[in-house]
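Visitor: Structure for this input, please:
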Amino acid sequence: MFTFINRFTVSGDTAAFEAGIAEITEHMTQQPGFHSHRLYRSAKDAAVYVEVAEWDDAESHQRAVRTEGFQRAVRPVMSLATADPAPFATVTAH
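Guide: Just a heads-up that it's a prediction; the model follows:
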């Protein structure tokens, strides 16, 4: 399992940001190797979001982000927010 976590700081319209993430997620759910996606909004700072996506493997995720559908959907989102993306490895799970 490959886990990708992205922290966003939204400087634009949060409703537009959430709609854009929903569009990206819709596209990603159709890609081979996709497992799940969750989007969290900070209860402390409403401009901060964290998304967690799980994939079969890093290669599946990389193929998905290179698709035209992803590239087309991500552009407007990135005009609304800055991102701090990174892959993560599970240390413990219960």
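
Visitor: Assign the residue nearest to the spatial centre of the chain to helix, strand or coil.
Guide: Residue closest to the average C-alpha location in the chain (CA atoms, centre = their mean): residue 51, at 5.0 Å. At residue 51 the chain is in strand, as set by DSSP: H, G, I helix; E, B strand; the rest coil.

Visitor: Can you tell me how far it is from residue 6?
Guide: Distance of residue 51 to residue 6, computed by CB to CB, to the nearest Å: 5 Å. Quick note: C-beta positions are derived from backbone N, CA and C, even for glycine.

Visitor: ditto for residue 26
Guide: Residue 26 sits 17 Å away from residue 6 when distances are taken as CB to CB.

Visitor: for the protein, what's the longest helix?
Guide: Longest helix of the chain, by residue count under DSSP state H: helix 14-29.

Visitor: contacts for that one?
Guide: Taking contacts as CB atoms under 8 Å, 6 or more residues apart in numbering, the residues outside helix 14-29 that touch it are 8, 10, 34, 37, 39, 46-47, 49, 51, 53, 64, 67, 69-70, 73-74, 76-77, 80-81.
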